[in-house]
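Q: how would this look folded up:
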Amino acid sequence: MSIRLSKRSLKKLLKEKKVVAVGELSESAKQALTRAVKRSGSKFKNRHVRLDGYTFDSQREADRYGELILLAKAGKISRLLIHERHPITVNGHLVAIYESDFTYLNEHGRKVIEDVKGVRTEVYKIKRALMKATLGIEIVEID
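A: This is a model prediction of the structure:
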């Protein structure tokens, strides 16, 4: 019996340690597997950081989380949410979901949505514009 997997699926299974190589692999299969594993990593070369049970996309995002925790303890912000999902609908149809890095209420009780940005992708720019146009929400970008 043989199972065919894409390189992406194989990398995911290997990373999650859900599969191990069984039996003999051909030399070309070994080389392909080695190349696939070596290439694994973040699209933008950032390192994911785990902190307080959350996984942040970058060290910068984790650092901002630490700053916001201090602001919350000082009473400057409240209702801090991490990775809140914001559905974007147009004419009753769900067109996208924007996941903010941080959402909180500032000291004036206004809702603030923050995104720690390194690279502003085209998808992000579209979602940012949709958030403004459909929900009237301006995303605060932290560089």
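
Q: for the rest of this, base every contact and every neighbour count on C-alpha atoms.
A: OK.

Q: and the longest helix for this structure?
A: helix 59-73 (DSSP state H).

Q: then the helix or strand that it is followed by to PDB, C-alphas only?
A: Sequence-wise, the next helix or strand downstream of helix 59-73 (DSSP states H and E) is strand 78-82. The C-alpha trace of strand 78-82 is given here as PDB (Å, rounded to 0.1, in the frame of the first residue of the first chain):
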ATOM      1  CA  SER A  78      -9.500  47.200  30.000                       C
ATOM      2  CA  ARG A  79     -11.100  44.100  28.400                       C
ATOM      3  CA  LEU A  80      -7.900  43.100  26.600                       C
ATOM      4  CA  LEU A  81      -8.600  40.400  24.000                       C
ATOM      5  CA  ILE A  82      -5.900  38.500  22.100                       C
END
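
Q: elements contacting strand 78-82?
A: With contacts taken as 3 or more CA pairs under 8 Å, 6 or more residues apart in numbering; DSSP states H and E, strand 78-82 sits against helix 59-73, strand 102-105.

Q: if you set the cut-off to 10 Å instead, what comes out?
A: On a contact count with 3 or more CA pairs under 10 Å, 6 or more residues apart in numbering; DSSP states H and E, strand 78-82 meets strand 54-56, helix 59-73, strand 102-105, strand 111-116.

Q: now the angle from the longest helix of the chain to strand 111-116?
A: For helix 59-73 against strand 111-116, the angle by axes from the mean of the first three to the mean of the last three CA atoms, to 10 degrees is 150 degrees.

Q: what's in contact with helix 59-73?
A: Defining contact as CA atoms under 10 Å, 6 or more residues apart in numbering, one finds that helix 59-73 is touched by 46-52, 54-56, 58, 74-80, 82, 101-102, 104-107, 114-118, 142-143.

Q: quick one on the thing from earlier: of the helices and strands packed on strand 78-82, give the one that comes closest to Leu130.
A: Nearest to Leu130 among the helices and strands packed on strand 78-82 is strand 111-116; the distance by CA to CA comes to 13.9 Å.
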